[in-house]
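S.K.: this one's structure only:
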């Protein structure tokens with residue numbers, strides 16, 4: 001009887017109408033420097049009609065590593081195929097590869113080695129974009145061990161990471177098939193929070209994120225209401241797993257900045273009145289529950305100002321701010337207290353009618369440093385004192401209620 005060794009890594013590929021991108025994707029899998037015996041491929045054709053399934057089967061017949069091809073009716077999104085693949089995976093680790101993207105030749109070898117060396121449960125490999133803009137802020141340096149609170153990994157929540165399968169099995173982790181966008185953010189954030197450490201491979205491009213010329217990226221399509229569904233689910237996950245306080249606020253920045261704020265950017269100017277009103281309605285419970293002075297402090301002034309106006313349900317002043325930001329104007333700076341405070345003069349600064357508190361316009365040191373005459377000394381302590389005072393005055397209804 002032949003004993004088959006457990007593969008080191010199961011590569012899970014969900015594919016739907018993936019031709020001709022799938023050709024280069026699979027070529028990048030075949031070119032991996034890791035020993036073919038150490039990997040397995042599980043490919044799920046999600047009801048394609050363009051030859052994707054046939055090409056996967058040809059690939060399976062031709063290559064040295066074990067390949068399982070599953071063909072199913074279309075599930076409507078990436079979560080179903082990923083879950084099917086995860087259910088079949090036998091590797092110590094799993095890697096989710098999108099059928100239109102590709103791997104760097106040493107990607108799997110380097111990521112598995114990184115996880116084994118450090119005992120970490122998740123490994124991020126450097127991402128580069130081809131006709132797409134990849135996340136950038138987390139690739140400053142290779143990190144043997146980090147976590148979601150002390151690094152920028154919260155700004156890359158796509159599924160294309162190496163995950164220790166035992167971690168996923170132990171917690172019964174699967175992709176949420178009820179979400180049409182942001183399902184990978186939920187899965188990856190949960191893995192970050194449950195992981196015994198996360199590693200970052202920043203000195204080698206492990207993953208190439210390919211922009212499809214046919215525009216068939218699920219993340220680019222869909223109604224704005226789906227974005228609010230995604231934000232609501234991610235915020236609830238964070239709140240369920242992290243007690244209220246600075247750590248939770250640090251993580252909430254991700255859904256505030258990446259998911260909610262774009263709904264109140266240039267697109268808001270072209271939305272009709274009904275859509276604007278609906279966006280404010282959808283945002284209100286999220287702002288009431290999770291928008292805190294500490295979260296606000298972590299943002300740039302124009303980001304903080306826009307979200308504050310959403311929190312206090314003020315669409316008219318918000319339109320003025322969005323127009324100003326869209327025009328890419330540099331806000332003038334007002335320096336006070338011998339240069340230790342820098343206020344940025346965005347619309348409605350010190351307008352009695354608008355009633356926006358001064359501290360919303362107060363630049364944090366990282367933003368204030370760009371202005372001549374700024375003195376860092378006591379600036380930060382002032383804002384912290386102001387926030388402590390606001391917190392003491394908060395009614396139980398939350399920050400948005402207090403600001404109103």
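M.R.: Here it is on my side, so go on. This structure is a prediction, so every number in the text was calculated from the model and none was measured.

S.K.: what about the helices in the stretch 101-250 of the chain?
M.R.: 107-118, 165-170, 183-194, 224-241, 246-254 (DSSP state H, counting those that start in this stretch).

S.K.: Quick check: buried residues in the last one?
M.R.: Spelled out, that is helix 246-254. For helix 246-254, the buried set under the neighbour-count rule, 16 or more other C-beta atoms under 10 Å, comprises 248-254. Any C-beta I mention is one placed from the backbone N, CA and C, and that applies to glycine too.

S.K.: Quick one: closest of the helices of the stretch 101-250 of the chain to residue 315.
M.R.: helix 224-241 (15.0 Å; C-beta to C-beta).

S.K.: Compute the inter-axis angle for the closest one and helix 183-194.
M.R.: Orientation note: helix 224-241 sits at an angle of 10 degrees relative to helix 183-194 (axes from the mean of the first three to the mean of the last three C-alpha atoms, to 10 degrees).

S.K.: which residues of the stretch 101-250 of the chain score low on pLDDT?
M.R.: Confidence mapping of the stretch 101-250 of the chain against pLDDT under 70 gives the ranges 214-222.

S.K.: nearest to residue 138, of the buried residues of helix 246-254?
M.R.: Nearest to residue 138 among the buried residues of helix 246-254, with distances taken as C-beta to C-beta, is residue 254, at 11.9 Å.

S.K.: so who does that closest one touch?
M.R.: Contact criterion C-beta atoms under 8 Å, 6 or more residues apart in numbering gives 154-155, 157, 185, 189, 234 as the residues in contact with residue 254.

S.K.: Just give me the neighbour total for residue 334.
M.R.: Burial measure for residue 334: 15 neighbouring residues, criterion other C-beta atoms under 10 Å.

S.K.: Give the full set of residues in contact with it.
M.R.: Going by C-beta under 8 Å, 6+ apart, residue 334 touches 342-345, 349.

S.K.: Do a quick rundown of the strands in the stretch 1-150 of the chain.
M.R.: With DSSP state E, counting those that start in this stretch applied, the stretch 1-150 of the chain shows strands at 9-15, 39-46, 67-72, 93-98, 102-103, 122-130, 143-146, listed in chain order.

S.K.: Format the contacts of residue 254 as CSV; extra columns: neighbour count and distance to residue 50.
M.R.: Below are those laid out as CSV (neighbours: other C-beta atoms under 10 Å; distance: C-beta to C-beta, whole Å):
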residue, neighbour count, distance to residue 50
154, 24, 36
155, 14, 33
157, 23, 29
185, 25, 28
189, 23, 33
234, 23, 32
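
S.K.: ok so, going back, just say which of the helices of the stretch 101-250 of the chain is most tucked in.
M.R.: Highest mean neighbour count of the helices of the stretch 101-250 of the chain: helix 183-194, a mean of 22 (counted as mean count of other C-beta atoms under 10 Å).

S.K.: residues contacting the residue most central in space within the chain?
M.R.: The central residue of the chain, meaning the one whose C-alpha is nearest the mean C-alpha position (C-alpha atoms, centre = their mean), is residue 157 at 3.8 Å. With contacts taken as C-beta under 8 Å, 6+ apart, residue 157 has the following neighbours: 184-185, 188-189, 234, 254.

S.K.: Just the pLDDT for residue 385.
M.R.: Residue 385 is assigned a pLDDT of 70 by the prediction.

S.K.: so it, which of the three states?
M.R.: Going by DSSP: H, G, I helix; E, B strand; the rest coil, the secondary structure assigned to residue 385 is helix.

S.K.: now residue 163: how far from residue 14?
M.R.: In this structure, residue 163 and residue 14 are separated by 15 Å, where distance is defined by C-beta to C-beta, to the nearest Å.

S.K.: This completes my enquiry, with thanks.
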